[in-house]
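Enquirer: turn this into a structure:
(one chain, ligands or ions: 1)
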Amino acid sequence: MYEICPECGHKHIVATLERGTVLYECGGCDWYSAGADPFHVGAWSVRIHQALAPVDILQSILTAPEGAAFLRPRLRGVSYLSRPIFPLESDLVGNEYVRGEMDIAQQVYLRQMIVLSASYVELILRDFFECLFRAHPLRMNQVLPPKDSNKAVVSLSEIVKADSKEALLAGLASQAAGYKASGEIDRILRELTADCRIQLDRPFLEDLRELKELRNRIVHDDTDEQVTFAKVHSSFGLVLYIIYVLSQVADTYKIPCWDDVGFTEDFRIKLAATTDQCEEEAV
Ligand SMILES: [Zn+2]
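Expert: Next up is the predicted model:
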């Protein structure tokens with residue numbers, strides 16, 4: 001957030017994380033500033049990558065040609081697969097049968113991963129807005145009631161109950177972020193990216209709408225739509241792209257970001273490489 005020292009103009013600003021708040025210190029003078037709670041870009045990217053590791057493990061087991069033969073003698077649990085209701089049924093649970101159950105397991109799991117990726121979009125947006133409203137409390141005017149008046153009102157009891165002004169604002173930021181994240185996510189992101197003039201590298205909003213619709217069909221309809229591993233990967237790729245876009249929005253809105261794993265830079269490099277590759281293929 002600070003690139004040069006506002007006191008001495010020194011270009012070496014060190015940012016550290018102190019109890020959840022970013023502390024900026026100048027390397028040339030004794031200026032320092034404690035920013036608001038940062039948007040944890042690094043932590044979110046790690047969480048998303050960790051959510052993908054079990055997909056790899058299960059894909060390796062569930063799609064291996066010899067997977068059923070490997071799994072059958074090792075089956076554990078409470079279902080009839082490991083404990084047949086009638087002892088003779090153990091003969092019926094052959095490799096073919098186990099393979100069928102593995103295919104079902106794969107579909108159940110992949111569909112739930114789509115639901116999980118859609119939940120992450122909501123959680124990340126909520127976290128982002130909480131940071132935005134903590135850094136710029138006046139932006140809550142458009143979100144908190146009474147709506148459409150552009151002047152949010154806080155009740156006397158809320159003020160009396162609050163331990164401090166900071167605690168009151170933090171509570172309001174959490175409430176306002178909840179309202180925002182439960183709204184139309186694609187519309188919210190369209191507004192954010194347009195407002196910050198962010199150049200999008202993919203049909204981001206369409207992909208987001210598609211993910212939301214697929215998630216709703218899985219959760220609300222009795223659909224037998226098949227989900228592939230590639231689809232799950234592309235959904236999580238979209239979640240990572242949202243983190244990347246939000247880190248740019250955070251820059252424009254002057255919201256402190258904490259990216260201790262260098263996710264944004266890595267992602268930018270990967271994105272540029274993919275774009276170059278696509279252009280080469282098109283030539
Ligand atoms: Zn300085």
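Enquirer: what's in contact with stretch 265-283?
Expert: Taking contacts as C-beta atoms under 8 Å, 6 or more residues apart in numbering, the residues outside stretch 265-283 that touch it are Ser45, Asp201, Leu240, Tyr241, Ile243, Tyr244. Any C-beta I mention is one placed from the backbone N, CA and C, and that applies to glycine too.
Enquirer: which elements pack onto the helix or strand containing Ala194?
Expert: According to DSSP states H and E, Ala194 maps onto helix 185-195. If you count contacts as 3 or more C-beta pairs under 8 Å, 6 or more residues apart in numbering; DSSP states H and E, helix 185-195 packs onto helix 95-135, helix 204-220, helix 229-253.
Enquirer: give me the buried positions along the last one.
Expert: Of the residues in helix 229-253, 229, 231-233, 235-236, 238-250, 253 count as buried by neighbour count, 16 or more other C-beta atoms under 10 Å.
Enquirer: now the angle from it to helix 204-220?
Expert: Interaxial angle, helix 229-253 versus helix 204-220 (axes from the mean of the first three to the mean of the last three C-alpha atoms, to 10 degrees): 130 degrees.
Enquirer: ok, then the element right after helix 229-253?
Expert: helix 263-282.
Enquirer: so for that next one, what's the average pLDDT?
Expert: What helix 263-282 shows for mean pLDDT is 84.
Enquirer: burial of Phe128, as a residue count?
Expert: 29 (other C-beta atoms under 10 Å).
Enquirer: contact partners for the closest residue in space to it that isn't next to it in sequence?
Expert: Distances taken as C-beta to C-beta, 6 or more residues apart in numbering place Leu246 nearest to Phe128, at 4.9 Å, with adjacent residues excluded. By C-beta under 8 Å, 6+ apart, Leu246 lies in contact with Phe39, Val41, Ile124, Leu125, Phe128, Leu192.
Enquirer: where's the residue of the stretch 151-283 of the chain found nearest the ion relative to Ser182, distance?
Expert: Ranking the residues of the stretch 151-283 of the chain by distance to the ion (C-beta to the ion) places Pro256 first, at 18.3 Å. The spacing between Pro256 and Ser182, counted by C-beta to C-beta, to the nearest Å, is 25 Å.
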